[in-house]
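# need a structure here:
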Amino acid sequence: MNSLLRASLVPLAAWACAVSLPAQWSQNPAQNLSIADRNGEQSLPKLAATTDGGCYVAWFDNSAGSYAVWMQRLDAAGVEQWPHDGILVSNQPQSSSLVDWDLITDSAGNAVVTFTDVRAGSDLDVYAYRIAPNGTMLWGTNGITLSANGDYEANPRVVETSLGNFVFVWSRSLSAGSGSIELQQLDPAGNRLFGPAGVSIPGDPGATPGFATIVAADAGSVIVAWMRDISFRGNRYLHVQKVDAAGGLPWGTTPLQAFDTTSLPIAHQVKMVGDGAGGAWLAWHFAPLTSFSTRVQHVSAGGAELLPHNGVDVSTEANISKLDPALFLAPDVGGVIVIFNVRDSSQGQRGVAIQKLDGGGNLLWGATGVRLAALDGVVESFERAVPYAGGALAFWFEQPGATPPLAIRGARVDAAGQIVWGSPPLLVSTAAAEKLRLTVDVSPTGVALLAWSDRRRDSGDILVQNVNPDGTLGANLADLRVYGCGVNPAGSMTVSGSAAIGRTMQFALDNPLGTQSPTATTALLAFAFAPAAGYPCGVQLPGWGMAGPGAVGELLLDATRIVGPAVTATPWGGPGLAATVTLSVPLDPGLAGGAFYAQGVLVAPGAPSGLELGLTNAAAVRLGF
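Sure, this is the predicted structure:
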């Protein structure tokens, strides 16, 4: 069937005559989609993909004079599902100096956000909200209070555990004495599972830990990583700890010290992803001498370092700094892919590189990785990447000279480290305006989803853009639907699955009238590159209907465009026990936009009833993302 799919690259315009696909994603990099553009500043966006191909986007908005949290939900076509400018999540009193926060999509399709505000006093406390796809505040209009004390608590993170609960982590700084890392677990109803006070991991004596991050592990547990001390004079080492579903510390009370050769930079946020086996991968940068290095470490479910202590370098390029890593899991090699910024010794020349490491820490894309943006006077920042087909879709801000970031660039690298597109890098956004806080996620079909704060109009709007795996912008959606004009019985053709690249669809053929016998009937599925004239209706053929001998059936395919022999379906078992044909779409973005049509026929040669042929309804298939 792959040959049929690869041959079906008919022009998109031809399909549009038959199928209307509304879309709001822009195809023009100069006109990205604005989802929040009130007067004033919208900033610090977060984006989380949803299983339907869309996403949630949340941000802070100060159009009313103080910062409030707002949110929007987009479908796979980029259509806003809530009113333009989003819905209000919280307008509780907020500090004028924002700290980091978090947004995820949970397994039930809801958004979960956690942030700090000053509703209970001038110090920062931590709160959590859960929002349904229809905008309902599932944990109440004021959310759940995770901390309420007089201490400074910042940068909360959240993860959904393997048991479907939510664990939150943040740092707690005391006015005197050691700080701590704090955790709380909520069930889907918002009940506290770690008790009223949560779980506290005390910092080292005299230290103020901070910049915590968290990933889900095994059996409802989580792994937390943080900077040992955020002060200028403290040893800013990398600490890692596991917390089980009951709040216990299965690795013992002393955290794993994953990096202690020298201090991490001030305010450095370590990146971490779960390894799918109860452990985690971590990435960070540091300055051993005059140049920065980026390293990774793999920690097992039991708390063992699987790579040499203090990690392995992602690039061995001499006299070049490697900074600001971001990473994701590469299951095909049991490792990770890491994107990072590269700079010369003066930091006046910058570029972007990406590397793939296997489970043993070996550098699979060469000693220095793949260079996505040349080392030159153009300044790159906010490098981000998401997985696709064993490789990556990579994006970053581009800043010519001393001007603020004016563009967003992108590239795709395949599993072997070859640049598929993006040489020169793809332009994702070209409007000559400052851009801040790029955030990127990926849909289940491999479409990259980007959000950022953009100052092309005023002090900051929230803009979004999709990038398809083939390097195009704008909606290029898969579609799978049944058609016919009521001549063939309803239910004679049903479809399931997805026509998206890399996914699987199924055609089910049935004679719901029961006018044929399953013991002597074969179900066949035919394919064509065009429907019959008069789509969605077809040509009526006497003797091809399921109603009885000589009944009229409707041929819904263009008989002159039928391709290849018909495919034999699984055996038909009688009414309600459909025969099926399963078709896998190759993981080839070049197939996007291709269309074909399929129709079934139940054949019973020499049937005693005289009903030898029965046409089903047909399916229109458009390949996409």
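# which residue ranges of the stretch 1-150 of the chain form strands?
33-36, 42-49, 55-61, 68-74, 87-90, 102-105, 111-117, 125-131, 144-145 (DSSP state E, counting those that start in this stretch).
# wait, G564 touches L525, no?
No: taking CB atoms under 8 Å as the definition, G564 is not a contact partner of L525, at 10.9 Å. For every residue, glycine as well, the C-beta is placed using N, CA and C.
# from the middle of its chain, how far away would the helix or strand hosting E153 be?
With secondary structure defined by DSSP states H and E, E153 is part of strand 152-160. Its chain's average C-alpha position is 20 Å from that of strand 152-160, according to CA atoms, centre = their mean, to the nearest Å.
# that one vs strand 125-131, what angle?
Inter-element angle recorded for strand 152-160 and strand 125-131: 30 degrees (by axes from the mean of the first three to the mean of the last three CA atoms, to 10 degrees).
# what's strand 152-160 packed up against?
strand 102-105, strand 111-117, strand 125-131, strand 166-173, strand 210-216 (3 or more CB pairs under 8 Å, 6 or more residues apart in numbering; DSSP states H and E).
# who's more crowded, G564 and L525?
Neighbours were tallied for G564 and for L525 using other CB atoms under 10 Å; the higher tally belongs to L525 (22 against 12).
# in stretch 27-34, what's buried?
Neighbour-count burial for stretch 27-34, with 16 or more other CB atoms under 10 Å as criterion, is recorded at 29, 32-34.
# ends of that stretch, what's the gap?
The separation between the terminal residues of stretch 27-34, taken as CA to CA, to the nearest Å, is 13 Å.
# now that stretch: how far from the chain's centre is it?
Computed by CA atoms, centre = their mean, the separation of stretch 27-34 from the middle of its chain amounts to 20 Å.
# same question for it, mean pLDDT?
The pLDDT scores in stretch 27-34 average 96.
# go ahead and name everything in contact with it.
Taking contacts as CB atoms under 8 Å, 6 or more residues apart in numbering, the residues outside stretch 27-34 that touch it are 24-26, 78, 408, 427-431, 454, 457, 461-465, 472-474.
# just to check, I223 is in contact with Q241?
Yes: because the distance of 7.3 Å satisfies CB under 8 Å, I223 is recorded as touching Q241.
# pretty sure Y152 sits against L124.
Yes: in this structure, Y152 is within contact of L124 by CB under 8 Å, at 5.7 Å.
# domain ranges for the chain, per the record?
Listed domain ranges for the chain are 277-430, 479-622 (source: automatic domain parsing).
# circling back to that earlier point, looking at the strands of the stretch 1-150 of the chain, spot the one closest to L256.
With CB to CB, the closest approach to L256 among the strands of the stretch 1-150 of the chain belongs to strand 102-105: 23.0 Å.
# neighbouring strands of the closest one in the sheet, and parallel or not?
Strand 102-105 has these partner strands in its sheet, going by DSSP bridges: strand 111-117 (antiparallel).
# mind checking how far the strand it pairs with is from the chain centre?
In terms of CA atoms, centre = their mean, the gap separating the centre of strand 111-117 from the centre of its chain is 19 Å.
# and stretch 393-405, by the same measure?
Stretch 393-405 has its average C-alpha position 22 Å from the chain's average C-alpha position, going by CA atoms, centre = their mean.
# ok, stretch 60-67 next?
Per CA atoms, centre = their mean, the displacement of stretch 60-67 from the mean C-alpha position of its chain is 28 Å.
# how long is it end to end?
Taking CA to CA, the first and last residues of stretch 60-67 lie 6 Å apart.
# what's in contact with it?
The contact list for stretch 60-67, computed with CB under 8 Å, 6+ apart, reads 36, 38-44, 68-70, 91, 93-96, 98.
# can you select the buried ones from the residues you listed in ChimeraX?
Here is the ChimeraX selection string for the buried members of these, based on 16+ other CB under 10 Å:
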select :36,38,40,41,42,43,44,68,69,70,94,98
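# could the buried residues of stretch 27-34 go into a markdown table alongside distance to A592?
Formatted as a markdown table, the entries for the buried residues of stretch 27-34 read as follows, by distance: CB to CB, whole Å:
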| residue | distance to A592 |
| --- | --- |
| P29 | 19 |
| N32 | 21 |
| L33 | 20 |
| S34 | 26 |
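# show me which of the residues you listed is closest to A111.
A111 has its nearest neighbour among the buried residues of stretch 27-34 in L33, at 18.8 Å by CB to CB.
# ok, the closest one to W396 distance?
Computed as CB to CB, to the nearest Å, the L33 to W396 distance reads 20 Å.
# with R157 instead?
Here the distance between R157 and W396 works out to 23 Å (CB to CB).
# more neighbours: which of those two?
Neighbour count, other CB under 10 Å: between R157 and W396, W396 has more, with 29 against 22.
# work out for me the element the more buried one sits within.
Per DSSP H and E: strand 391-400 holds W396.
# pairing partners for that strand, with directions?
As defined by DSSP bridges, the strand partners of strand 391-400 come to strand 378-388 (antiparallel), strand 407-413 (antiparallel).
# neighbours around V621, how many?
The criterion is other CB under 10 Å. On that basis, V621 has 25 neighbouring residues.
# what mean pLDDT does the helix or strand containing it have?
Assessed by DSSP H and E, V621 sits inside strand 613-622. Averaging pLDDT along strand 613-622 yields 98.
# for it, the distance to its chain's centre please.
With CA atoms, centre = their mean, you get 34 Å for strand 613-622.
# N149 and L124 touch, don't they?
No: counting by CB under 8 Å, no contact exists between N149 and L124, whose distance comes to 10.3 Å.
# so for these two, which residue has more residues nearby?
Under the criterion of other CB under 10 Å, the comparison of N149 against L124 puts L124 first, with 24 against 14.
# how far away is the residue lying closest to that one once chain neighbours are set aside from F232?
Across the structure, with CB to CB, 6 or more residues apart in numbering as the measure, the residue nearest L124 apart from its sequence neighbours is T116 (4.0 Å). Per CB to CB, T116 is found 23 Å from F232.
# just want to know which of those two has more residues nearby.
When T116 and F232 are compared on other CB under 10 Å, the one with more neighbours turns out to be T116, at 24 against 8.
# checking D332 next. Helix, strand or coil?
The three-state label for D332, taken from DSSP: H, G, I helix; E, B strand; the rest coil, comes out as helix.
# tally of neighbours for it?
A count of neighbours around D332, defined by other CB under 10 Å, yields 13.
# can you pull the contacts of the residue nearest to it when sequence neighbours are not counted?
If the residues on either side of it in the chain are set aside, D332 comes closest to G390, at 4.7 Å by CB to CB, 6+ apart. G390 sits next to 330, 332, 414-415 when contact means CB under 8 Å, 6+ apart.
# what about the spatially most central residue of the chain, distance to F194?
Compute the mean C-alpha point of the chain, and by CA atoms, centre = their mean the closest residue is V442, 2.7 Å away. Here V442 is placed at a distance of 31 Å from F194 (CB to CB).
# again with P518
The gap separating P518 from F194 is 57 Å, by CB to CB.
# okay, and the beta partners of R409?
Using DSSP bridges, the beta-bridge partners of R409 come out as W396, L427.
# make that S381, sorry
The partner list for S381 in beta bridges (DSSP bridges) reads F397.
# my read: it touches D324, true?
Yes: the pair S381 and D324 qualifies as a contact (CB under 8 Å) at a distance of 7.4 Å.
# between those two, what contacts are shared?
Listed as contacting both S381 and D324 by CB under 8 Å, 6+ apart are N341.
# between these two, who's got more neighbours?
Neighbours per residue (other CB under 10 Å) separate S381 from D324, with D324 holding more: 25 against 17.
# SS state for the more buried one?
Reducing the assignment to helix, strand or coil with three-state DSSP, the entry for D324 is strand.
# with F340 instead?
F340 - assigned by three-state DSSP - is strand.
# and the pLDDT at L406?
According to the prediction, L406 has pLDDT 87.
# OK, contacts around it?
L406 makes contact with 398-400, 430-435 under the criterion CB under 8 Å, 6+ apart.
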